[in-house]
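Participant: model the structure of this input:
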Amino acid sequence: MKIRFGYVANALGLWDASPSKTLTFTRYSALSKMERMDKLKSVTAQNLQHTKRILHYNIAHEIHLYRFSSSLVPLATHPEVLWDFVTPFRTEWEELGQLIKQFELLPSFHPNQFTLFTSTREEVTMNAVYDMEYHFKMLEAMNALERGIINIHIGGAYGDKDTSLRRFHRNFKKLPNTIKKHITLENDDKTYDVEETLITCEKEKVPMVLDYHHYVVNKGEVDLSQYLPRIFNTWNSFATVPKIHISSPKSDQEYRSHADFVSLDFILPFLKMTKVLDRDFNIMIEAKQKNLAMLKLIEEIASIRGVKRISGGEVEW
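Facilitator: Residues are numbered from 1 along each chain as shown. Here you go, the predicted structure:
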């Protein structure tokens, strides 16, 4: 069983490498028409350059999984802006894509919690569609659609889960099939548990990303060991192996919040559970210390008897 690891957005330790520099609409509105476009382009250029630096860092450390920042392009989906962020940066997007292809990286995006398909409000649903189109365009610009993932949550329950789930399936149909092919769904820590998310994934024929921390917080009546084979099987027709999100609680008082690093003791029961299945999978680390937390966890896992580190970002058990 081989496990590859990755992390989210920013490589800590690289100087001034944030790929998520922003431009607020208030600041944008205060600029002249010419200054507005110049500012949009300068912030985007900086984010793309920083992303390129991060990819080179990942390549040097043999890290194949990477979640791109959703904030690469400022105001990309704002209804009063909606600018062409691909054409002016065609070369930059292609350079990122060449790195992804040459070194077989696995790119992903995770739109924010406001991108949901369970709302009773039509404008919320349409904004979710626009946001998914934005993320799809970035994958497309990088020519990274083959293995690119856009991961979302089901959304809110609005006091009635059954009705909200039916609304999800209805609103989900508003997405073009070209985008649906790249979507994964994740269980959350408050509303839709593993079983509810899995059933939704099976119905929509999309892969399920298991978030283990969310599962521990929001178990419902689920024995995860009984559901794990089905979760992994949702990936059977996808271009890559199953993907798991890993983090650990910040404290007993802030149990849902992510800690700076990942506690091996917290995730070890899950790792032992997967060992029984003996199937390769990928782990995305969602800890505050990003790549530093990932590298520390890999070292700790590699110290377990029977585990061998086979590259900078991969172990074999």
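Participant: show me what the longest helix along the chain is packed against.
Facilitator: Counting by DSSP state H, the longest helix found in the chain is helix 33-60. For helix 33-60, the elements it packs on are helix 25-30, strand 65-67, helix 90-102, judged by 3 or more C-beta pairs under 8 Å, 6 or more residues apart in numbering; DSSP states H and E. The way it works is simple: take the backbone N, C-alpha and C, and place the C-beta from them, glycine included.
Participant: chain center to that helix: distance?
Facilitator: Relative to the chain's own centre, helix 33-60 is displaced by 20 Å; criterion: C-alpha atoms, centre = their mean, to the nearest Å.
Participant: returning to what we had before: K290: which of the helices and strands packed on helix 33-60 is closest?
Facilitator: Closest to K290 of these is strand 65-67 (C-beta to C-beta; 10.0 Å).
Participant: each with direction, which strands does the closest one pair with?
Facilitator: strand 2-8 (parallel), strand 106-109 (parallel) (DSSP bridges).
Participant: beyond the shortest one, next helix or strand please.
Facilitator: Right, the one you point to is strand 106-109. Downstream of strand 106-109, the first helix or strand assigned by DSSP states H and E is helix 122-141.
Participant: for R256, give me the pLDDT.
Facilitator: Looking at R256, its pLDDT is 89.
Participant: format the strands paired with strand 65-67 as TSV; extra columns: mean neighbour count and distance to N127.
Facilitator: What follows is the strands paired with strand 65-67, written out as TSV (neighbours: other C-beta atoms under 10 Å; distance: least, C-beta to C-beta, whole Å):
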stretch	mean neighbour count	distance to N127
strand 2-8	22	23
strand 106-109	24	16
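Participant: in CSV, list these along with mean pLDDT and distance to Q289.
Facilitator: Below are those laid out as CSV (pLDDT from 0 to 100; distance: least, C-beta to C-beta, whole Å):
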stretch, mean pLDDT, distance to Q289
strand 2-8, 98, 9
strand 106-109, 98, 19
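Participant: so how far is E123 from the residue positioned nearest the centre of the chain?
Facilitator: Nearest residue to the geometric centre of the chain (C-alpha atoms, centre = their mean): H110, 3.7 Å. H110 sits 22 Å away from E123 when distances are taken as C-beta to C-beta, to the nearest Å.
Participant: kindly report the same for E94.
Facilitator: E94 is 34 Å from E123, by C-beta to C-beta.
Participant: higher neighbour count, these two?
Facilitator: Using other C-beta atoms under 10 Å, the more surrounded residue of E94 and E123 is E94, with 13 against 9.
Participant: wouldn't K190 be in contact with G220 here?
Facilitator: No - the criterion here is C-beta atoms under 8 Å, and K190 misses it with G220 at 11.5 Å.
Participant: can you pull out the strands in the stretch 101-250 of the chain?
Facilitator: Counting by DSSP state E, counting those that start in this stretch, the stretch 101-250 of the chain has strands at residues 106-109, 149-153, 183-186, 208-211, 243-246.
Participant: by how many degrees do the second one and helix 122-141 diverge?
Facilitator: Between strand 149-153 and helix 122-141, the angle comes out at 160 degrees (axes from the mean of the first three to the mean of the last three C-alpha atoms, to 10 degrees).
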